[in-house]
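> sequence and predicted structure are below.
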Amino acid sequence: MTEAVNAPAAADAALPKTYDPAGTEARWQQAWEQAGVFHPDPDAPGEPFAVVIPPPNVTGSLHMGHAFNTALIDTIVRYQRLAGRNVLCLPGTDHASIAVQTILEKQLKAEGLRKEDLGREAFLERAWAWKAGSGGTIVGQLRRLGYSVDWQRERFTLDAGCSAAVVEAFNRLHEQGLIYRGEYLVNWCPASGSAVSDLEVEMKEVDGHLWHFRYPLSGGPTAGGRTHLEVATTRPETLLGDTAVAVNPKDPRYAELVGQTLTLPLVGRQIPIVADDHVDADFGTGCVKVTPAHDPNDFAIGQRHDLPLITVMAKDGTMNGAAGRFAGLDRFEARKAVVAAMEAEGFLVKVEPYRHSVPFSDRGKVPVEPLLSTQWFVKTEPLAARCREALDAATGANPRFVPERWAKVYRDWLTDIRDWCISRQLWWGHRIPAWFVVSETGGLITDSTPYVVARDESEAMAKAESIYGTGTHAHPLVLEQDPDALDTWFSSGLWPFSTLGWPAADAPDLARWYPTSVLVTGFDIIFFWVARMTMMAGALMGDDGRDGEPAAWIPFRDVYIHGLVRDENNRKMSKSAGNGIDPLLLIERYGADALRFALVREVAGAGQDIRLDYDRKSDTSATVESARNFANKLWNVTRFALMNLDGETPASLGEPDPTQLQLADRWILSRLGRVNRETAERYGSYGLGEASKGLYELAWNEICDWYVELIKRRLQVPADLEGAARDAALADQRTARQVLAKVLSELLVMLHPLMPHLSEELWHGLTGESAEVFVARQPWPRVDGAALDDALESSFAELIEAIRVVRNLRAVAGLKPNQSAPV
């Protein structure tokens, strides 16, 4: 049942002279939310249409990328409601493990504390308190944009429902053999003290050096007089962990040396010379030092040649005991010390300037260190294979990418994919649902401690007892849950179905709205998020009766990829460049509708970047100001209509009699129907920029500039007219009023997805509807096919162009408005 709300001003009073965006927007946001306008019933009629919004980080605040994404999504879902579909637009936020923990640890450091001083439970209490106090900033900011989401269904990736879904997903994937625990090289971030995935690593070009070193042959000079091999490296500190030097098996220079040994400088360890196809014989000297514990390519070589793994670095970025005399040094200090020692002992050949790519932790902002670590992994190839099959299905690509070119990027990422490291050494996040049987390893968690994966501790104990027995009084069975948390992207990968009630088999939202209709997102997270959602759905949603056709389990039918919002100089906005544009400043100055319309109108085609004009001295934007001027134009033409409709509404005036229409009436009704069809098609096919441009042209250039001017005399019946002449003038006046009311009321419905607050205010002012009735719930206007007249539209277009030419010629000739001239 719809709840009654206080009517905004326009519902029961004439429109004020000037448009006040702030007041108008706040009133309608409150009215929509109080009335539950965007809270759908899964049992309601209408074809289902669903969007789950990309969850912004709980640490975030609104930036222009959020505003652009919001404007696009909201335009799509508001149109679908008008088109009669049962629409769910579901909001939520992401718990952002690393970002939140970093904030909290900085706070603790300022207090002279570490998280270990508090303990896990107290630390998590503090984290939840921070989330309650500061974590809702971005939600309030999204509300200011007029996002038509169902706030009653708002989700958080750490809420009870999402957490239950994470535990269930982990268990099912483990049962399918798709999650395992093993020791592999991972990207380690010393700053955050955690493993990070390949996708959380940003490659940066840095100016460094290439150091060339001599490694002496252990057996002395060869018959040809060779005494050493020369290798080059950008990371001299890692040579302390070298366990081989590799050459290409087809390189004749070193063929006789394969199988012999070298003596590792500074360490004295003898290491073999191995032949491996990975080595490029034409690069450098053709000799490559092999450090299997500190480089992914070297790790692979080590696996092929059964080389030992020697880790010389600790997880805090300092050298460990295996580094010998360099133990305790920071890795970069050790680099200098190793080079100095190599030079002092005669092993340094030369140093070259070298610009190269270095992997940086996206969160910790420091170079990552490949380190051997026992972690949890997802086997991605079986999941990726199913997604590739769906993309190449004979029945059509699933999902369908808009623009289509992004399907190749998605496919490429799903090819030759590495297993996904999903464990993070963090406390804030989803704790891994695995319990170690520590009573088997002296009460400690080691790499060899057995474990069980379970949905809760009682299930874990039952599983452990079935394997290890119940223990004895002296030696009881003791379990300890894995202290690590899951990668944030693990829970985000479940977002399209965990938010709808999965894994509950009878969840009504899941039954009604899964799979969702469209995912709207930027191209930069196709790898981070889009592919992970499809992979997770492939493994988990087939078990819910959706196996078989890809369309049944793929979490979204369409993926609409939008571009970036670039600054006034066409540069990508970023924190590091300091060229971001605060959308809240523009909302304060021009209103949310103006910003939304400006952003969408700038889209020249799906997936294209847009440029936003901005003056940093005055915090103004000509682009958004133009949209605000358009809002003022709509406000003024609606006020003009209200002053000339004599208190009547579109409903009381009724439809115009086709036999009474004048030429201008027939023209504008034809244009109205034509733009209606075009706009519906554009909204429905993600041509949102084209839709906004078409409506702008109709509203400003055809309705305001021409039709209103053409009917002004018809709306004013001279008082001295009498008899039949007066009756005819009154009948013609009513026809003009009917057409004007119809055109404006339908225009406002069509504009509603783009400018929701303004259109709601003006539509209520024009129609006089009560506060319980909303334009957001109106049906899309019906097109009268009989009103479409191609020839008349062409004739009017020629007439308008001719008049423009005459006006331009008058201006060029310098004629005053009251001067006549032959045409």
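Done, it's in.
> start and end of stretch 267-286, how far apart?
With C-alpha to C-alpha, to the nearest Å as the measure, stretch 267-286 spans 23 Å from end to end.
> so where's the stretch 551-700 of the chain shaky on pLDDT?
Within the stretch 551-700 of the chain, the ranges that satisfy pLDDT under 70 run 551, 575-576.
> just the helices in it please.
Assigned by DSSP state H, counting those that start in this stretch, the stretch 551-700 of the chain shows helices spanning 583-590, 592-601, 622-644, 650-653, 663-684, 688-696.
> most tightly surrounded among these?
helix 592-601 (a mean of 28; mean count of other C-beta atoms under 10 Å). Glycine gets a C-beta too; all of them are placed from N, C-alpha and C.
> find the nearest non-adjacent residue to residue 355, please.
Of all residues not flanking residue 355 in the chain, residue 207 sits nearest, at 5.3 Å (C-beta to C-beta, 6 or more residues apart in numbering).
> residues in contact with the one you found?
353, 354, 355 (C-beta atoms under 8 Å, 6 or more residues apart in numbering).
> element containing the last one, please.
Going back to what we said before, that points to residue 355. strand 348-361 (DSSP states H and E).
> elements contacting that strand?
Packing partners of strand 348-361 (3 or more C-beta pairs under 8 Å, 6 or more residues apart in numbering; DSSP states H and E): strand 179-189, strand 201-216, helix 331-344.
> direction included, what does the helix or strand following the second one pair against?
Along the chain past strand 201-216, the next helix or strand (assigned with DSSP H and E) turns out to be strand 228-233. Its sheet considered, strand 228-233 pairs with strand 201-216 (antiparallel) by DSSP bridges.
> could you check the angle strand 179-189 makes with the strand it pairs with?
Here the directions of strand 201-216 and strand 179-189 differ by 80 degrees (axes from the mean of the first three to the mean of the last three C-alpha atoms, to 10 degrees).
> okay, buried residues for strand 201-216 please.
By neighbour count on 16 or more other C-beta atoms under 10 Å, the buried set for strand 201-216 is 201, 211, 212, 213, 214, 215, 216.
> same list, those residues, but as CSV with distance to residue 567 please.
Below are the buried residues of strand 201-216 laid out as CSV (distance: C-beta to C-beta, whole Å):
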residue, distance to residue 567
201, 26
211, 40
212, 44
213, 46
214, 51
215, 51
216, 56
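> which one of those residues sits closest to residue 802?
Within those, the smallest distance to residue 802 is 62.6 Å, found for residue 201 (C-beta to C-beta).
> what pLDDT does the residue of the chain positioned farthest from its centre get?
Taking C-alpha atoms, centre = their mean as the measure, the residue most remote from the mean C-alpha position of the chain is residue 723, 67.6 Å away. On pLDDT, residue 723 comes in at 92.
> give me the three-state assignment for the residue positioned nearest the centre of the chain.
Closest residue to the average C-alpha location of the chain: residue 521 at 4.5 Å, with C-alpha atoms, centre = their mean. Secondary structure, DSSP: H, G, I helix; E, B strand; the rest coil: residue 521 is strand.
> what sits against it?
Contacts of residue 521 (C-beta under 8 Å, 6+ apart): 54, 69, 529, 530, 559, 560, 561, 562.
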